[in-house]
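Undergrad: Fold the following and give me the result.
(chains A and B)
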Amino acid sequence: MIVQVIVKANTYFDSVSLMSLSTKANQIDGVEQAIIAMGTEMNKEVISNVGLMTVEIEEAKTSDLMIIVKAENERICANALEEIEELLTKKNTTKGTSEARYSTIKSAAENIPEANLVVIAVNGAYAPREAKKALENNLHVMMFSDNVSVEDEIELKQLAHEKGLLMMGPDCGTAIIGNVALCFANAVRKGNIGIVGASGTGSQEISVRIHEFGGGITQLIGTGGRDLSKEVGGIMMLDGIKALEEDEATKVIVLVSKPPAPSVEEKVLAQIQLCTKPVVVWFVGGDEEKVTKAGGHFAKMSKEAALKAVLLAGADESKLNKRALNLPLIEEVRAKLTSEQKYIRGLFSGGTLCDEAMHIAMEKFSDVYSNIQREPEYRLKDVKVSQGHTFIDFGDDQFTQGKPHPMIDPSTRIERFIQEAKDPSVGVILMDFVLGFGAHEDPVGVMLPAIIEAKQLAESEGRHLEIIGYILGTELDSQNIEGQVNKLIAAGATHASSSQNAGLLAREFVVKGE
Amino acid sequence: MNLQNRGETRDMIYAKSGNNDFIQRITRSKLNGFIHSTFKHTLNIQCLEDGELYTIACKEIDNGPNTLIVDAASIKEWNVQVNDKVCTGNNHISLGNKLTITIERANCWEGILPTYPTDIFVLKKNVEQMKRHIETYGTGGGIKSKSFCESPFELEMSKMLHERTNLVLNELLNKQIQRALKHAVSLIGLGPGLTPSGDDFLVGLFTTFHLNGSYLSQHKEFCKEIEKVAKTATNDISYMALKKASDGKVRESIITLIEVLLTGEKEELILSLNNVLNIGSSSGTDIALGILAGLEINFKNGGLLNDCSSNS
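TA: Have a look, this model is predicted:
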């Protein structure tokens, strides 16, 4: 192993930049360890204790910035130091980025030979043609476009399978490939856990919880929501599992989806049996026995799945904050709600977050309705009118035709929120706020006046209205999660620390007679 | 608004508020120096007369010792460079030939830490709340350990911070001030970030030494002894924070947190605690943990006691 050092005299960067640079430096390929720290005697003592002391470090002064890289050979060290220097320079300048536009995939592939993935977000009518061109140019595909026929999807996925490429989508909203977040994804740490997800916000939730537990992600492969249908046969899910099985950096695999069609489920379980790596399975509302029989690790809920994954990946359980439910708060809220206030109204921008909260409610209540219920009997007759406990996915097609996704434009949800707040039978309104790339820059902020208005309205009618907000994101996301949480709390809402806890809190708040 | 000066055009902006000492320096005595360091929201001036650092900060930053808050969102556009000359005169402070700040509309801020209460019931309740909040929302990587250490360096750093803070606290709990001093010195300059975590922890701890009427307030010289060593053991910026804290001068957000801890309700506490936790990367958490540690010592060693049993 080689150790190379740069000492930058009288150089100051703020702590947030230093921490972020240090994280990025440790993720450079081939780097075993990178340290960026001020040259104090005490820091030098730590460096000495881990066997990296050099003459340059000994001579560093308290106001100097030390950059230390340990890697297999001199070339990797030098490249890494160069990359760190570039990162430092970027932090110090405000230069804009340049953009090149290419009119065809072919010309883009020729001009950027190092590119190996195409994101397609054109109208669904044209998306298959572009995806085919990309696959023929040996490029992986992430297709954000929807309204693509199932026949086209099968053809594209079979072509990708034959060529050993990824065909993520159609209707794939989330992926993290090579530590680059694509479309709606969160900024999370690089690590040793790989995810294959047929549901966007479900995969986001798992990646964020893993990050919060201190773990990190190798790849997050999206499949598109229809991949596990009988027709498509789970081609991408199966290829994704194989890809992560072969990926050296991945030590644990997590699968995220609604329950697959029975014929596909068999194939997925058979694939799990072939895996040498532990596989955690979170199929919302799925069957524990089948998964366990196949040698998988079943998780009923999202946080549980992330926790199992980080523990299998080597985390020290005693150091993890599992964020237990706040039981005194449950008692406090129950006492505030009247006997008439017995319903939850879940208003979601994330489909899987909605699904998870709905399944949690279904464990204790029979009258749970939704626009995404699998049982036709419990599907909302009119999506504009709530029945019993109602959970609405505002990202579903009924709400997004001709309108942006609610993660970008929350106006439809705001209107519905006020409507629900006026209903005296409602005890709890539950909402998600999704941060990350592509999402609204201030999702809590835009909802804030409505939350305050709803609280005042309920108060003027002599009732307590409990509003629960869950913010999906990390401290690395650009929206400043702390600020978002503070806003939510300041408006008098309850902040839930995970999708799972949000669902459990909502359910427990309105349970009567326990 | 522009101010013409010797044929050059300099932008002028207004200071919103400023620490009393800094404003006095501008109005009554001279301050000559140069730009020491620049960041996105703050810049530091090295004063040639007294050697101290003075900070110009954007409006999103809270008041603090030697700090002037200006009506601007970022300093990046000012194009001020390290080593640019700084001078004062006529209620203005000029940064190179690039910018003039006037203090005509600035409110004077003086941070005074409250007195330790005789009845500590509310304080104890709030301290428990604060502990729980930090466990959940505090940033790891400094005094609060991460659940995952990404490298042997992080692991070793975490171990050393943990061991040394515990040694300081145990000695203070045992009223062994001199022994605590020895271990506290070994925290200076230890840790990641611009202001090392060990320094931030000591800033929080020093704050509790300046709550008059508390057990630790009898041992303020502990802070001054550490400050003497810190001058050469850590960088200028972190040293300045330690120096000021050793005199009980800390940022407004820290003072507000202490005030709320003594008498406030849960909601107020969470808001003021979050303001401290948002300082730097892990700095806010490290400071908050220093405050918690000092308050625990005050609880255990008694409040308004004329305790002479220590070895100080």
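
Undergrad: from here on, contacts and neighbour counts on C-alpha atoms
TA: Fine.

Undergrad: tell me which element the spatially most central residue of chain A is part of?
TA: When CA atoms, centre = their mean is applied to chain A, the residue found nearest the centroid is A:Gln204 (1.4 Å). Assigned by DSSP states H and E, A:Gln204 belongs to helix A:200-212.

Undergrad: Can you give me the domain assignment for the chain?
TA: This is for chain A. Chain A breaks down by automatic domain parsing into domains covering A:2-92, A:189-218+A:232-321, A:327-510.

Undergrad: Chain B is the one I meant
TA: Domain assignment for chain B by automatic domain parsing gives B:2-109, B:121-301.

Undergrad: between these, which one is nearest to A:Ile344?
TA: A:Ile344 lies closest to domain B:121-301 among the domains of chain B, at 25.1 Å (CA to CA).

Undergrad: what's the distance between that closest one and the middle of its chain?
TA: Mean-position distance between domain B:121-301 and its chain equals 10 Å (CA atoms, centre = their mean, to the nearest Å).

Undergrad: can you tell me if it touches chain A.
TA: Yes. Counting by CA under 8 Å from any CA of the partner chain, chain A has neighbours in domain B:121-301: B:135-136, B:146-148, B:151-153, B:156-157, B:160, B:186-196, B:232-236, B:267, B:271, B:274, B:278, B:280-283.

Undergrad: helix or strand right after the helix or strand where A:Met19 lies?
TA: Assigned by DSSP H and E, A:Met19 belongs to helix A:15-26. Sequence-wise, the next helix or strand downstream of helix A:15-26 (DSSP H and E) is strand A:31-38.

Undergrad: Could you point out the helix or strand that follows that following strand?
TA: In the C-terminal direction, the helix or strand that comes right after strand A:31-38 (DSSP H and E) is helix A:41-49.

Undergrad: counting contacts, what elements does the helix or strand that that following helix is followed by pack onto?
TA: For helix A:41-49, the following helix or strand on the C-terminal side (DSSP H and E) is helix A:55-59. Judged by 3 or more CA pairs under 8 Å, 6 or more residues apart in numbering or on different chains; DSSP states H and E, helix A:55-59 is in contact with strand A:2-8.

Undergrad: coming back round to it: centre of the chain to the helix holding A:Met19, how far?
TA: Chain-centre distance of helix A:15-26: 21 Å, with CA atoms, centre = their mean.

Undergrad: sorry, back to before: let's have the domains of chain B in JSON lines, adding mean pLDDT.
TA: Listed next are the domains of chain B as JSON lines, based on pLDDT from 0 to 100:
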{"stretch": "domain B:2-109", "mean pLDDT": "86"}
{"stretch": "domain B:121-301", "mean pLDDT": "94"}
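
Undergrad: can you list the ones you listed in CSV and add mean neighbour count?
TA: As requested, the domains of chain B are exported to CSV (neighbours: other CA atoms under 10 Å in any protein chain shown):
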stretch, mean neighbour count
domain B:2-109, 18
domain B:121-301, 21
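
Undergrad: Next, format the ones you listed as JSON lines and append distance to A:Thr104.
TA: Listed next are the domains of chain B as JSON lines, based on distance: least, CA to CA, whole Å:
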{"stretch": "domain B:2-109", "distance to A:Thr104": "38"}
{"stretch": "domain B:121-301", "distance to A:Thr104": "42"}
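
Undergrad: Determine which of these approaches A:Ile221 most closely.
TA: The minimum distance between A:Ile221 and the domains of chain B falls on domain B:121-301, with 23.7 Å, by CA to CA.

Undergrad: on that earlier part again, quick one: name whatever helix or strand follows the helix holding A:Gln204.
TA: Next along the chain after helix A:200-212, taking DSSP H and E as the criterion, comes strand A:217-222.

Undergrad: Which stretches in the stretch 301-450 of chain A count as strands?
TA: Using DSSP state E, counting those that start in this stretch, the strands found in the stretch 301-450 of chain A span residues A:343-348, A:368-370, A:389-393, A:426-434.

Undergrad: Nearest to chain B among those would be which one?
TA: For the strands of the stretch 301-450 of chain A, the distance to chain B is smallest for strand A:426-434, at 18.0 Å, taking CA to the nearest CA.

Undergrad: Mind listing what's buried along that closest one?
TA: A:426-434 (16 or more other CA atoms under 10 Å in any protein chain shown).

Undergrad: ok, for the residue nearest to the centre of chain A, nearest residue in space, not its chain neighbours?
TA: Leaving out its chain neighbours, the residue that sits closest to A:Gln204 by CA to CA, 6 or more residues apart in numbering or on different chains is A:Ala185, at 6.0 Å.
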